[in-house]
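Chemist: output the structure for:
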Amino acid sequence: METDEQVVELKKEKAEVECRLKVALGRIVKLEEESTQREAALRQRIVELEEELKRQKESFQEKLKAEQGSIQEQLRGMQSQIEELKGQGAKNSHNSHKPPSSDGLRRKTHSRRKPSSRKSGGQNGHAGETRALSQKVDKVVIHRPERCEQCGEDIQQRQGLLVERRQVHDLPKISLTVEEHQVEEVCCPHCRYRSRGSFPPEVKAVVQYGPNVRAWAVYLNQYQLIPMERTCQLMSEGLGCSISEGTLSNWVRQASEGLEATIEKIKQGLIASPLCHSDETGIHIDQILNYLHTACTRFLTYLQWHQKRGRVAINEIGILPAFHGRLMRDRLSSYDAYDCDHSVCGTHLQRDARGVFEQTRQPWAQRMEETLETMNNVAHFWRDHGARSVPKPIRDYWVAQYFDTLAVGYAAQPPPPHSSETLPKRKGPPKQTPAKNLLDAFLHRADQVLAFLDDLSLPFTNNQAERDLRMAKVQQKISGTFRAEEGATCFCRIRSYLSTMSKQGHPLLAALVAVFNGHPLPIAWSF
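Modeler: From the prediction side, this is the model:
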């Protein structure tokens, strides 16, 4: 019995062990399935991570490439700015449009004249020149001896013989002349009515200065550019006229108002002229930058200030819109809009070519400067010999030299840089180097540059306009600025009138006296 029970127990234990084995096998199978699923998930995750890493790597490479392109573009831009700043630092009055005053105290002289072997001063054999004796003598002082130098005899009553003359040219003592105007009253013997005389229209105050004094003051202040305080001091010490700055300002305003109709005649004369020079420069009015414009000829000068520099100002001034002759100008694009023939100043182009050569050392620029200079000399030669134009074979030779130089210049230009496609496009035409811009100007404006070869009455340079503007820069250096717009307007009118009078051969003081007498000198423009 015990054995059977043991067998039964053993069977039970076996059954339990088998059951446990089945459970363990089930768990193992389940764990294997879970492990397989986890392995598959891990493999899927690894694939996803590899794809994500690949995408991130590609994105990083693209960003890195874009950043490298941007950095290279920035470097090119910085290098361009550095070269541009170097070029600006190298610019001065002899290789750009900058005024000589900007060169500084240690500026170098850049004379284009070739040195001569001769010493400075009068050359051997030069007769020299001294002041000649005047035929009009105001006072004669005779110097004669009282006694004989040998025996001491009194010779005061003896007839003398003129053996030598010397003259002292000097100014008399300047003093005011006072002209008193008196009004009388006369009683009529018939009706006993008392009739009274009247003062001339120009005699308005009890005591006043006449037109000569006013002309001197305005001449010193507006033409010789002596500041108001010093003008008043000079009038007091030199002429004996004690005036205030307010009085001087009133005289300047009076002269300006009296010239309004005359300035309009100058304007109409310029419109009718066959050749007109035009230019502009910056001036300060009440410490604000404005622009002084000029239109001028050999015999006429017109000055006008405006807040703008370009077409708005030129249209409001009103000369060039109605002008149909030939305009001598610089390369300012605003002038291109006007319906007239155009000539570009050769001296401006020479300066620009000189600046390009000094900054880039491109040989074509120096060659172009020399070509323009030689063409100008050729034009002077034939002009002096009475020709109306340069003979065609000579003209064609130098035109060929001109375009050959341009071809050499274009060949020397580096190819344009390739901008990155990822960078935003710049508005407008692509930026070019100063050398390329100058070459384009020489090419596209060739007819305007070379016009003086076909018509020797045309000048090579726009120096006439620059001379007429130069004194405004001197005024700015002395006074620094115009205090008000009215002062700038008065300066333009008076300076236009006096410059025109000087060109037409009139004494300037007499011209101003005529203004204060109410009848400015007439303007002529047909010569």
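Chemist: contacts and neighbour counts: CA atoms only from here.
Modeler: Will do.
Chemist: quick check: the gap between residue 183 and residue 197.
Modeler: Counting by C-alpha to C-alpha, to the nearest Å, the separation of residue 183 from residue 197 is 5 Å.
Chemist: what sits up against the strand ranked longest in the chain?
Modeler: With secondary structure taken from DSSP state E, the chain has its longest strand at strand 275-285. By C-alpha atoms under 8 Å, 6 or more residues apart in numbering, the residues outside strand 275-285 that reach it are 270, 289-297, 309, 325-330, 462, 464-466, 469, 472-473, 476, 480-485, 488.
Chemist: how about the next helix or strand after that strand: buried residues?
Modeler: Per DSSP states H and E, the first helix or strand lying C-terminal to strand 275-285 is strand 288-296. The neighbour-count check on strand 288-296 (16 or more other C-alpha atoms under 10 Å) flags 290-296 as buried.
Chemist: export the residues you listed to TSV and tack on pLDDT?
Modeler: Putting the buried residues of strand 288-296 into TSV (pLDDT from 0 to 100) gives the following:
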residue	pLDDT
290	95
291	96
292	96
293	97
294	97
295	97
296	96
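Chemist: circling back: now do the longest strand of the chain: distance to the chain's middle.
Modeler: Offset of strand 275-285 from its chain centre (C-alpha atoms, centre = their mean, to the nearest Å): 8 Å.
Chemist: residues in contact with the closest residue to residue 502 other than its chain neighbours?
Modeler: Once flanking residues are discounted, residue 502 sits nearest to residue 508: 6.7 Å by C-alpha to C-alpha, 6 or more residues apart in numbering. The neighbourhood of residue 508, defined by C-alpha under 8 Å, 6+ apart, consists of 219, 498, 501-502.
Chemist: of these, select the buried ones using a ChimeraX command.
Modeler: Command for ChimeraX, covering only those of these found buried under the criterion 16+ other C-alpha under 10 Å:
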select :219,498,501
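Chemist: closest one to residue 42 out of the contacts of residue 508, please.
Modeler: residue 498 (98.6 Å; C-alpha to C-alpha).
Chemist: tell me which element that closest one is part of?
Modeler: With secondary structure defined by DSSP H and E, residue 498 is part of helix 485-503.
Chemist: check which helices and strands that helix sits against.
Modeler: Using 3 or more C-alpha pairs under 8 Å, 6 or more residues apart in numbering; DSSP states H and E as the contact criterion, the elements in contact with helix 485-503 are helix 245-258, helix 260-271, strand 301-306, helix 508-516.
Chemist: picking up where we left off before, separation between the residue nearest to residue 502 and residue 222?
Modeler: Note on residue 508: its distance to residue 222, by C-alpha to C-alpha, is 11 Å.
Chemist: likewise for residue 70?
Modeler: Summarising the geometry, the distance separating residue 70 from residue 222, computed by C-alpha to C-alpha, is 57 Å.
Chemist: check residue 369 too.
Modeler: 38 Å.
Chemist: ditto for residue 292
Modeler: From residue 292 over to residue 222 the distance is 16 Å, taken as C-alpha to C-alpha.
Chemist: likewise for residue 192?
Modeler: When distance is defined by C-alpha to C-alpha, residue 192 is 53 Å away from residue 222.
Chemist: give me the nearest residue to residue 278, chain neighbours excluded.
Modeler: Distances taken as C-alpha to C-alpha, 6+ apart put residue 295 closest to residue 278, at 4.6 Å, once the chain neighbours are dropped.
Chemist: thinking again about what came up before, now the angle from the helix holding residue 498 to helix 245-258?
Modeler: Using axes from the mean of the first three to the mean of the last three C-alpha atoms, to 10 degrees, the direction of helix 485-503 lies 60 degrees away from that of helix 245-258.
Chemist: which of the residues in helix 485-503 are buried?
Modeler: Within helix 485-503, the residues that qualify as buried by neighbour count (16+ other C-alpha under 10 Å) are 487-501.
Chemist: ditto for stretch 224-233
Modeler: Going through stretch 224-233 with 16+ other C-alpha under 10 Å, the ones that come out buried are 225-228, 231-233.
Chemist: nearest to residue 252, of those residues?
Modeler: With C-alpha to C-alpha as the yardstick, the closest approach to residue 252 among those comes from residue 228, at 10.7 Å.
Chemist: residues in contact with the closest one?
Modeler: Taking C-alpha under 8 Å, 6+ apart, we find residue 228 in contact with 221, 245, 248.
Chemist: swap in 7 Å and give it another go.
Modeler: For residue 228, the set of contacting residues under the criterion of C-alpha atoms under 7 Å, 6 or more residues apart in numbering consists of 221, 245.
Chemist: oh, and call the first residue 58 from now on, that's how I've got it
Modeler: Yep, numbering from 58; the last one is residue 285 now.
Chemist: how far away is it from residue 470?
Modeler: From residue 285 across to residue 470, the span is 54 Å (C-alpha to C-alpha).
Chemist: and if you look at residue 134?
Modeler: Distance, residue 134 to residue 470, by C-alpha to C-alpha: 18 Å.
Chemist: and what of residue 521?
Modeler: Taking C-alpha to C-alpha as the measure, residue 521 falls 35 Å from residue 470.
Chemist: with residue 226 instead?
Modeler: 65 Å.
Chemist: neighbour count winner among those two?
Modeler: When residue 226 and residue 470 are compared on other C-alpha atoms under 10 Å, the one with more neighbours turns out to be residue 470, at 13 against 8.
Chemist: so which strand or helix has that one?
Modeler: Here residue 470 sits in a region with no helix or strand, counting by DSSP H and E.
Chemist: what's the answer for residue 356, then?
Modeler: Remark: residue 356 resides in no helix or strand, with elements defined by DSSP H and E.
Chemist: isn't it up against residue 559?
Modeler: No - the pair formed by residue 356 and residue 559 falls short of the contact definition of C-alpha atoms under 7 Å, at 8.4 Å.
Chemist: residue 399 belongs to a helix?
Modeler: No - assessed by DSSP: H, G, I helix; E, B strand; the rest coil, residue 399 does not belong to a helix; its assignment is strand.
Chemist: and it, what does it touch?
Modeler: Residue 399 is in contact with 383-385, 505, counting by C-alpha under 7 Å, 6+ apart.
Chemist: CA atoms only for whichever helix or strand residue 421 is part of, dumped as PDB, please.
Modeler: Per DSSP H and E: residue 421 is located in helix 420-441. C-alpha atoms of helix 420-441 as PDB (Å, rounded to 0.1, in the frame of the first residue of the first chain):
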ATOM      1  CA  PRO A 420      48.100 100.700 -67.900                       C
ATOM      2  CA  TRP A 421      45.100 101.500 -70.100                       C
ATOM      3  CA  ALA A 422      44.100 104.300 -67.700                       C
ATOM      4  CA  GLN A 423      47.400 106.100 -68.000                       C
ATOM      5  CA  ARG A 424      47.400 105.600 -71.800                       C
ATOM      6  CA  MET A 425      43.800 107.100 -72.000                       C
ATOM      7  CA  GLU A 426      44.900 110.100 -70.000                       C
ATOM      8  CA  GLU A 427      47.800 110.700 -72.300                       C
ATOM      9  CA  THR A 428      45.600 110.200 -75.400                       C
ATOM     10  CA  LEU A 429      43.100 112.800 -74.200                       C
ATOM     11  CA  GLU A 430      45.900 115.200 -73.500                       C
ATOM     12  CA  THR A 431      47.500 114.700 -76.900                       C
ATOM     13  CA  MET A 432      44.100 115.100 -78.600                       C
ATOM     14  CA  ASN A 433      43.600 118.400 -76.800                       C
ATOM     15  CA  ASN A 434      47.000 119.600 -77.900                       C
ATOM     16  CA  VAL A 435      46.200 118.600 -81.500                       C
ATOM     17  CA  ALA A 436      43.000 120.600 -81.300                       C
ATOM     18  CA  HIS A 437      44.800 123.600 -80.000                       C
ATOM     19  CA  PHE A 438      47.300 123.400 -82.800                       C
ATOM     20  CA  TRP A 439      44.700 123.400 -85.600                       C
ATOM     21  CA  ARG A 440      42.600 126.000 -83.800                       C
ATOM     22  CA  ASP A 441      45.600 128.300 -83.700                       C
END
